[in-house]
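Sharing a sequence plus its predicted fold:
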Amino acid sequence: MMKRTVLATAVALVSGFAIHTAAVAAAGEPIQPIKPPASINIGMVELGKKLYFDPRLSKSGIMSCNTCHNLSMGGTDNIPTSVGDKWQQGPINAPTVLNSSLNLAQFWDGRAADLKAQAGGPIANPGEMAFTHTLAINVLESIPAYVREFKMVFGKDKIDIDQVTTAIAEFEKTLVTPNSRFDQWLLGKKDALTKQEQEGYALFKDSGCVACHNGEAVGGNSFQKMGIVEPYKGNMPDGRAAVTGKDEDRFNFKVPTLRNVELTYPYFHDGAANTLTEAVDVMGRLQLGRKFTKEENAKIVAFLKTLTGDQPTFTLPILPPSSDATPRPTPFK
């Protein structure tokens, strides 16, 4: 018995030392492994999941949060700019919702401080879901199953937009993607990356990409000007200046996360780069003043593809049926 206890203790100590060593090694890198959310409200998450997928929060009755932030497609829609109500062309590329809880703010210009502030915007935007918050609440209050669920989760008799956005944000907090091959490598699994991928990461660091793309999300934690060394020749809205009113913030955008970047094409705020190869070339020249060779570019792209983590998996929510009193959508008006 004593021998077994001593052996078990020794194994635990060795295992603990290995984990500690891996954590110390990861701590020395500019990119950190993604952690699962610290705490979530399960009931609120389940309600938020339904609302995220419910197209009845749009005027047309066919658009939901998942339309532009498709969880089967890396949390985005894979087109340059999104399609809104009556086939309106959106002004900007839809950023991924995956790992968006790690952003310092939401939207490319950072006009929403957090996920809750962001969630209500598309519902009332005439170029997106084209509804109003009042009409959305009217729909939800006409559906008995929603009324019961909101009361169970929030303890209130009346539904309001604050509850709606809080629930959607709580669901979105769960949409993190840990356990990428790169995270495994950071945590000590040295065979998780190929030689080419490791060389790509070294280039990514040595070239200065990590000055903006760092932390858990490999981005999302600062605003930077698009076109530091050379001006960007694509579509250039005011960016952060539209929020701050400061001229020095013109053409500044939130640095996008590079997590799952192989899934979230096309790239940039205007969706002008269709491939990672093109995006790496443009960013190298415009932001770093560096022209990567074909081989260097391929190495960086290989590294970027290791940032794809475990995608959110869950049972698709079955939405509660409308009642006779539920306002019907008007897709053609």
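Yep, it's here.

now the strands for this structure?
223-225, 252-254 (DSSP state E).

Now do the first one: distance to the chain's middle.
Centroid separation for strand 223-225 versus its chain: 18 Å, with Cα atoms, centre = their mean, to the nearest Å.

what's it packed up against?
strand 252-254 (3 or more Cβ pairs under 8 Å, 6 or more residues apart in numbering; DSSP states H and E). C-betas here are computed from N, CA, C, even on glycine.

so what does the strand it packs on touch, helix or strand wise?
Here strand 252-254 touches strand 223-225, going by 3+ Cβ pairs under 8 Å, 6+ apart.

rewinding a little: which one of the strands of the chain lies closest to residue 117?
Closest approach to residue 117 among the strands of the chain (Cβ to Cβ): strand 252-254, 14.0 Å.

Put together TSV for the strands of the chain, with mean pLDDT, mean neighbour count and distance to residue 186 on each row.
TSV is the format used below for the strands of the chain (pLDDT from 0 to 100; neighbours: other Cβ atoms under 10 Å; distance: least, Cβ to Cβ, whole Å):
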stretch	mean pLDDT	mean neighbour count	distance to residue 186
strand 223-225	97	18	24
strand 252-254	97	23	24
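
For residue 286, find the nearest of these.
strand 223-225 (9.7 Å).

Settle this for me: residue 74 is touching residue 263, isn't it.
Yes. Counting by Cβ atoms under 8 Å, residue 74 does reach residue 263; the two are 2.9 Å apart.

out of those two, which sits in the more crowded spot?
Taking neighbours as other Cβ atoms under 10 Å, residue 74 and residue 263 compare with residue 74 leading, 22 against 19.

hmm, back to that, dump the strands of the chain to TSV, plus distance to residue 290.
Shown next, in TSV, are the strands of the chain (distance: least, Cβ to Cβ, whole Å):
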stretch	distance to residue 290
strand 223-225	16
strand 252-254	20
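
quick one, which of these is nearest to residue 120?
Taking Cβ to Cβ, strand 252-254 is the member of the strands of the chain nearest to residue 120, at 18.9 Å.
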